[in-house]
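> Quick check, what structure comes out for this input:
(one chain, ligands or ions: 2)
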Amino acid sequence: MPHIRPSWDDYFMDITFQVAKRSTCDRARVGAVIVKDKRILTTGYNGSPAGQPHCDEIGHLMVEGHCVRTLHAEQNAIIQAALHGVSVAGGTIYVTHQPCITCAKMIINAGLQRVVYAGHYPDTNAVDFLNAAGVVLEAYPSVSDEQQVDEAPLETN
Ligand SMILES: [Zn+2]
Ligand SMILES: [Zn+2]
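Ligands and ions are numbered 1, 2, ... in the order given. So this is what the prediction gives:
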């Protein structure tokens, strides 16, 4: 078998699925990777604020059908950029799930230009906001079976 190099999208999405494995909320294990000029700037997965106990240890913190204990993967990736003083403007964010409305708004204001996501998440407001802001939103088509996102509950996070 000849060696087949992955495309850039395949490469970064593979890494995004690895990042998602660090998630600490089993309602959905989400990963995000921010890339600019073919280089990874930051990564994030959904989990509790630093130093606080995780859903997987003490259970979810449910408010109106959502677990509010965690920061979302996209938020953690953007916050990591702020923490380290890295501009993500003009970059791409790879995510295992389509962003929610809150993450969409943060993506817009962080200056990210493109979102590549694998799993569906039913938040049409997020799609509308990203479209209105001119952020390119692309469904990632070629996820292999073992990488397929677990069927996440619709009310995730
Ligand atoms: Zn949780
Ligand atoms: Zn979100």
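> Ser23 against Ser48, yeah?
No. Using Cβ atoms under 8 Å, Ser23 makes no contact with Ser48, being 10.6 Å away. From N, CA and C alone the C-beta is placed, and that goes for glycine too.
> could you say what helices and strands whichever strand or helix holds Ala77 packs with?
For Ala77, the host element (DSSP states H and E) is helix 73-84. Packing partners of helix 73-84 (3 or more Cβ pairs under 8 Å, 6 or more residues apart in numbering; DSSP states H and E): strand 31-36, strand 39-45, strand 92-97, helix 101-109.
> What pairs with the helix or strand bottoming out on mean pLDDT in the chain, parallel or antiparallel?
One helix or strand of the chain scores below all others by mean pLDDT, DSSP states H and E: strand 66-67, with a mean of 92. Each strand paired with strand 66-67, and its direction, by DSSP bridges: strand 62-63 (antiparallel).
> For this structure, which residues are neighbours of ligand 1?
Within the chain, the positions near ligand 1 by Cβ under 5 Å from the ion are 25, 55, 60, 67, 69.
> List the residues that contact the first one.
Taking Cβ atoms under 8 Å, 6 or more residues apart in numbering as the criterion, Cys25 is in contact with 46-47, 54-56, 60, 67, 69-70, 157.
> Let's see if you can find the most crowded of these.
Using other Cβ atoms under 10 Å as the neighbour criterion, Asn46 leads the contacts of Cys25 with 29 neighbours.
> now Thr124: how far from ligand 2?
When Cβ to the ion, to the nearest Å is applied, the distance between Thr124 and ligand 2 equals 14 Å.
> Count the residues that sit near that residue.
9.
> circling back: residues making contact with the helix holding Ala77?
19-20, 23, 30-34, 41-47, 71, 86-88, 93, 95-96, 99, 102-103, 106-107, 110.
> just to revisit the earlier point, more crowded one of Ser23 and Ser48?
Ser23 (23 against 18).
> Compute the distance between the closest residue to the more buried one other than its chain neighbours and ligand 1, please.
In space, Ser23 comes closest to Arg29 once its chain neighbours are excluded; the distance is 3.9 Å by Cβ to Cβ, 6 or more residues apart in numbering. Using Cβ to the ion, Arg29 is found at 11 Å from ligand 1.
> Is Val33 in contact with Tyr94, as I believe?
Yes. Here Val33 reaches Tyr94: they are 4.6 Å apart, a contact under Cβ under 8 Å.
> Which one's more surrounded, the two?
Tyr94 (31 against 28).
> does the nearest residue to Ala104 once chain neighbours are set aside count as helix, strand or coil?
Distances taken as Cβ to Cβ, 6+ apart put Ala126 closest to Ala104, at 3.9 Å, once the chain neighbours are dropped. Secondary structure, DSSP: H, G, I helix; E, B strand; the rest coil: Ala126 is helix.
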